[in-house]
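Asks: Make a model of this:
(2 chains)
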Protein chains: 2
Amino acid sequence: MMREQLVLSLPMRTFTDDQLTRALHGPGPSPVAPTVLQALGRPVLGHLDPTFLQIMDDLSQGLRQLFRTANRMTFPVSGTGSAGMEAAVVNLIEPGDTIVIGVNGVFGGRMAEEARRAGAKVEIVEAEWGGALPLGELAARASAIDAKVVGLVHAETSTGVEQPLAELRSLLGDTPLLLVDSVTGLGGSQLEVDAWGIDVCYSGSQKCLSVPPGLAPITFSDRAVAAVQARETPVQSWYLDTTLLSAYWDDSAGSRAYHHTAPISMIYALHEGVRLILDEGLEAGWGRHQNVGTYLQAGLLERGFDMVAPVDVRLSQLTATLLPSDIDDATARNRLLFEHGIEIGGGLGALAGKAWRIGMMGYGATIDAADRVLGAIDAIR
Amino acid sequence: MMREQLVLSLPMRTFTDDQLTRALHGPGPSPVAPTVLQALGRPVLGHLDPTFLQIMDDLSQGLRQLFRTANRMTFPVSGTGSAGMEAAVVNLIEPGDTIVIGVNGVFGGRMAEEARRAGAKVEIVEAEWGGALPLGELAARASAIDAKVVGLVHAETSTGVEQPLAELRSLLGDTPLLLVDSVTGLGGSQLEVDAWGIDVCYSGSQKCLSVPPGLAPITFSDRAVAAVQARETPVQSWYLDTTLLSAYWDDSAGSRAYHHTAPISMIYALHEGVRLILDEGLEAGWGRHQNVGTYLQAGLLERGFDMVAPVDVRLSQLTATLLPSDIDDATARNRLLFEHGIEIGGGLGALAGKAWRIGMMGYGATIDAADRVLGAIDAIR
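Replies: Residues are numbered from 1 along each chain as shown, chains lettered A, B, ... in the order given. As a prediction, this is how the structure comes out:
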C-alpha cells in the first residue's frame, strides 16, 4: 500500500451479524454467554462511582471463589491474559532475581521471555511438547539455584496438557514463590490456589469464563505481596504495578486511589461470567468440561485422529489433536469456517500444520457443540 | 475484614439498570453512544477470523483519519489510556536515553514516572498548573542535552489546559522524536499528527470517542518505528512491544502473527465510535466540543466559578473550574450524583477539594447536557 493510500478519507464499513456469527471452538476466544453479551451493553458508570466500587468488590469476591483462595489481592488486570502474565512476572522479578520456569509449550516459553525482559536469571526445565513437566526436576533445580520464583503453566493451550500441580508445593518446600499460568485452566479444570500453595496465579477472561478477551483475573498471596513490597527497585511497569493497583482495588484502607480508568464494560462482563460459573457450581462446571472433552476426544479417536497429550495429563477444555493423513490443515479449517461457521485452531510452533486445537470451553462446552464439530469434520472429509 | 470472611461462598449480586444510569460529566469515562453499546453486545469473532482482520484494517484506517496521519503503524493498544502512555514510553526509551518532559499537571508527571521506570534520564520543564508549557524552553532544554525524545500532554485532564503544539516542531528542529499524550484531546480538539511533526501520539477510548474505557489508540511515525527497530536492548514490556504488535496489526507482510488475543468486543466498540466521529465529520466534532464548552464555561462564570486555565489555552471538552466559597466539594458532588444522577470530577493533586472537572465529551457534548449540569448546580446551592 502506498503511503498516500493510507490517508484516503474512506467511510468505515459496517458488518452484519451474519458476518460475525461463528461457533468458536478454537483455543479462545470461546463462545460468550448471552447474558455476558447483555452485560457488555449496560450503561457505563464512572470508575469511582459507589455502585461501581460495589461491583468491583463483588467481582473480587467471586474471583476468590473461582481461584479457591482467601487472598485479599484478587482482581482483574486491565488487559488480556498475556498482560496477566506480564503483571505476575514484572511484580515478582527484579533484575538479578532467579526463576525456574517449566517449558513444555508456547506459553511456558513466553513466561521465560517475560522473565528475561524483567532482568531475571532464568533457568529452564524442559519437557517434550505434549508431555507434563517433571515436578521433581523443577524442585531440584529450584533448590540448586535457591530460586526466588518457580513458574509453570497449568493448562498448556499449545499442547492440550493439564499439568499436575497438587504435589508441587511439598516438593518445593516453603521457600520459592510459586507462579502458575491458568489462562485456560480457571473454570475448566480443578485449581486450588490456597490448598496447592500457589502464590500468584492469573487467567484470561476468554477461555472457560465465557467472557470476551480483555481482562486477566489475578491473585497474589500475602507473601507474594510482601515480596513485591520488599523490592529494592520499582516495578518496571507503572500500568501493572500491583502496589498501585491494589490501592484502587482494595478498600481496606477505607479509600480508593485513582490509578487508571478501569475498563468498566469488560468488568461488567466478567462479573456476569463469574456469576454464571458460581450459579452452576464451580465443581459442576469442571465436571461438564470433563464430560464434553472426553466425549469429543472419543469421537476424534474413532475418526482416526491421535491426541498430542496422553490421557492422564490431557486437558478436557482444549484438545490438541494430530491430523490424519487425509486432512490438509489449511483447506480443512477454511471449509469448517466458511461452510460450517466453525472456528477451530491450528497448531502452534512445532505443531503448525500437523495439529488442531479444539476448544470446548465455558458456555461452548456442551455435547451439542461437540456433535456439531464432529459432524462438520465428517462433512468435509 | 478477617481472612475467613474473604472466602465466604456468597452469591454474586445483581444490579438494576437504574443503579447504573448516570450522566457522565467527569473527566472520563464520558457518555457512550447507544450504537457503541450495541456494538459491544455483538457476536464475538476469533482474533484471526478473516472478518475480524477486515474490522482491524478498517479501524486502523479510521484512526489514521482521526489522528490526521498516514502512519502505517496506527492501532489500538489493548489497555486503557495509561497503557497507551506506557507503550509509547517503553518502546521509545531504552536505559540511558534522554527525554525532556513538560509537566504542568498530573499526566505530564505520570509520563515522567513512566520514563524513569524505563531507565531514561529525565529532564523536566515545568509550568504552573493551569498554564501552558513554554515551547521555547522545551526546545532549548532538548537541544542542550541532545534529547532523544520530547514528551508533553496535549489536553491536560487535571487542569483543563489545551497545550499549543503547532509551532513546536519548528522550534525543536528535526532531531528529537516528539511524543504527545492526547488522551483527552483526540476527537475533541484539533490535532494534526503529520502536519505538526508528531512522532508518537496516543489517546484513550473513554474521552471524546464515546467508547467505554479499555483501549488506547496509538500511532507511530516511520522514524519512530525505525528508532524502535534500532534499539540495542529489548523493549522491557513484551505485552506492549510494538514490533511484535505490528506483526499482528499490519498485514503488509501478507500474514498476521498471533501475539495476544485481541479484545474483540472493545474493538467493535471503538470501530463504531470512530465511525460516528467520521460520520459527523472530524472538524464538525471539534466545533461542537468548542461550542458546548464555551457555553458551559460562560454559565459557570455567571454563577461565580472561576476557571483554572486562561481562555487562550482553555480546553472545551474538559473544564477545570475553581469552586465558589459557598460550595463544599464533597457534599455538592454527592448531591449531584445521588439527587441528580450527574457525575462530575473532583480536583487532582494541588486542586483537590478546590476545583471540579466537568467533561462535555463525545456523545455527551451537547447544549442540553450543559444545561442539565448548570441546572443541577443551581438546584443544590
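Asks: got the residues of the stretch 251-381 of chain A near chain B?
Replies: Listed as neighbours of chain B in the stretch 251-381 of chain A under the rule C-beta under 8 Å from any C-beta of the partner chain: A:252, A:258-266, A:269, A:271, A:274-275, A:278-279, A:337, A:343, A:348. In short, each C-beta sits where N, CA and C put it, glycine included.
Asks: Return the residues in contact with residue A:233.
Replies: Residues counted as contacts of residue A:233 (C-beta atoms under 8 Å, 6 or more residues apart in numbering or on different chains) are A:94, A:95.
Asks: and if we set it to 6 Å?
Replies: residue A:94 (C-beta atoms under 6 Å, 6 or more residues apart in numbering or on different chains).
Asks: Need the pLDDT of it.
Replies: pLDDT for residue A:233: 97.
Asks: Please enumerate the helices of chain A.
Replies: Using DSSP state H, the helices of chain A run over residues A:17-20, A:34-40, A:50-67, A:81-92, A:106-117, A:135-144, A:168-172, A:222-229, A:242-249, A:264-280, A:282-302, A:329-340, A:367-380.
Asks: measure stretch A:230-237 end to end?
Replies: End-to-end span of stretch A:230-237 (C-alpha to C-alpha, to the nearest Å): 16 Å.
Asks: Could you list the buried residues of that stretch?
Replies: In terms of neighbour count (16 or more other C-beta atoms under 10 Å in any protein chain shown), stretch A:230-237 has its buried residues at A:235, A:236, A:237.
Asks: quick one: the last one and residue A:89 touch, right?
Replies: No. Between residue A:237 and residue A:89 there is no contact under C-beta atoms under 6 Å: 9.6 Å.
Asks: how much space between the residue in the stretch 251-381 of chain A positioned nearest to chain B and residue A:376?
Replies: Nearest to chain B, among the residues of the stretch 251-381 of chain A, is residue A:263, at 3.5 Å (C-beta to the nearest C-beta). Separation of residue A:263 from residue A:376 (C-beta to C-beta, to the nearest Å): 35 Å.
Asks: So for those two, which residue has more residues nearby?
Replies: Using other C-beta atoms under 10 Å in any protein chain shown as the criterion, residue A:263 and residue A:376 rank with residue A:263 on top: 27 against 21.
Asks: Go ahead and confirm the more buried one touches residue B:215.
Replies: No. Using C-beta under 6 Å, residue A:263 makes no contact with residue B:215, being 8.4 Å away.
Asks: rewinding a little: next, the contact list for the residue of the stretch 251-381 of chain A closest to chain B, please.
Replies: The neighbours of residue A:263, taking C-beta under 6 Å, 6+ apart as the test, are A:78, B:213, B:214.
Asks: Quick one, which of the helices of chain A gets closest to residue B:173.
Replies: Nearest to residue B:173 among those is helix A:106-117 (33.3 Å), distances taken as C-beta to C-beta.
Asks: In contact with residue A:362, which residues?
Replies: Contacts of residue A:362 by C-beta under 6 Å, 6+ apart are A:30, A:208, A:209, A:210.
Asks: got the CA coordinates for stretch A:70-86 in CSV?
Replies: Only the C-alpha atoms of stretch A:70-86 are listed here, as CSV (Å, rounded to 0.1, in the frame of the first residue of the first chain):
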residue,chain,number,x,y,z
ALA,A,70,-8.6,-16.2,50.5
ASN,A,71,-6.0,-13.8,49.0
ARG,A,72,-7.1,-10.2,49.5
MET,A,73,-5.3,-9.1,46.4
THR,A,74,-7.5,-10.7,43.8
PHE,A,75,-8.7,-8.6,40.9
PRO,A,76,-8.7,-8.5,37.1
VAL,A,77,-5.7,-6.9,35.3
SER,A,78,-6.9,-4.4,32.7
GLY,A,79,-5.5,-6.3,29.7
THR,A,80,-5.6,-9.8,28.2
GLY,A,81,-4.2,-13.0,29.6
SER,A,82,-0.8,-12.0,28.4
ALA,A,83,-1.0,-8.8,30.4
GLY,A,84,-1.8,-11.1,33.4
MET,A,85,1.4,-13.0,32.7
GLU,A,86,3.4,-9.8,32.5
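Asks: What is the neighbour count of residue A:190?
Replies: So residue A:190, with other C-beta under 10 Å, has 16 neighbours.
Asks: Now do the same contact list for it.
Replies: For residue A:190, the contact set (C-beta under 6 Å, 6+ apart) comprises residue A:286.
Asks: And it, how close does it get to chain B?
Replies: Distance, residue A:190 to chain B, using C-beta to the nearest C-beta, to the nearest Å: 17 Å.
Asks: Next one: that residue, what pLDDT does it get?
Replies: As predicted, residue A:190 sits at a pLDDT of 98.
Asks: List just the nearest of the contacts of residue A:263 to residue A:312.
Replies: Checking the contacts of residue A:263 against residue A:312 by C-beta to C-beta gives residue A:78 as the nearest, at 37.2 Å.
Asks: ok, now how distant is residue A:73 from chain B?
Replies: Residue A:73 is 10 Å from chain B, by C-beta to the nearest C-beta.
Asks: Look up which residues are beta-bridged to that residue.
Replies: residue A:220 (DSSP bridges).
Asks: Correct me if wrong: it contacts residue A:246.
Replies: Yes. Using C-beta under 6 Å, residue A:73 is in contact with residue A:246, at 5.3 Å.
Asks: distance between the ends of stretch A:254-264?
Replies: First residue to last in stretch A:254-264 (C-alpha to C-alpha) measures 21 Å.
Asks: for chain B, what are the nearby residues on the stretch 51-200 of chain A?
Replies: Residues of the stretch 51-200 of chain A found near chain B (C-beta under 6 Å from any C-beta of the partner chain) are A:51, A:58, A:61-62, A:64, A:70, A:78-80, A:82-83, A:86, A:113-114, A:117.
Asks: What's the PyMOL syntax to select whichever of the residues you listed are buried?
Replies: In PyMOL, a selection of the buried entries from those looks like this (16+ other C-beta under 10 Å):
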select buried, chain A and resi 51+58+61+62+64+70+78+79+80+82+83+86+113+114+117
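Asks: now, the most widely separated pair of the residues of the stretch 51-200 of chain A next to chain B?
Replies: Longest span within those, C-beta to C-beta: A:51 and A:113, 40.1 Å.
Asks: mind checking how far residue A:345 is from residue B:270?
Replies: Counting by C-beta to C-beta, the gap from residue A:345 to residue B:270 is 25 Å.
Asks: Of the two, which one has the most company?
Replies: residue B:270 (27 against 23).
Asks: Quick check: can you list the domain ranges of chain A?
Replies: As assigned by automatic domain parsing, chain A contains the domains A:4-32+A:281-380, A:35-278.
Asks: closest to residue B:381 out of the ones you listed?
Replies: Between those, domain A:35-278 lies closest to residue B:381; by C-beta to C-beta that is 22.7 Å.
Asks: Return the distance of the closest one from the chain's centre.
Replies: Centroid separation for domain A:35-278 versus its chain: 9 Å, with C-alpha atoms, centre = their mean, to the nearest Å.
Asks: first to last residue in it, what's the distance?
Replies: Span of domain A:35-278 from end to end, C-alpha to C-alpha: 14 Å.
Asks: One more: stretch A:231-240?
Replies: By C-alpha to C-alpha, one end of stretch A:231-240 lies 15 Å from the other end.
Asks: do stretch A:124-136 as well
Replies: OK, stretch A:124-136 end separation, C-alpha to C-alpha: 14 Å.
Asks: how about that stretch: buried residues?
Replies: A:125, A:127, A:129, A:130, A:131, A:132, A:133, A:135.
Asks: Equivalent analysis for stretch A:186-206, please.
Replies: Those would be A:186-191, A:193, A:196-206, for stretch A:186-206 by 16+ other C-beta under 10 Å.
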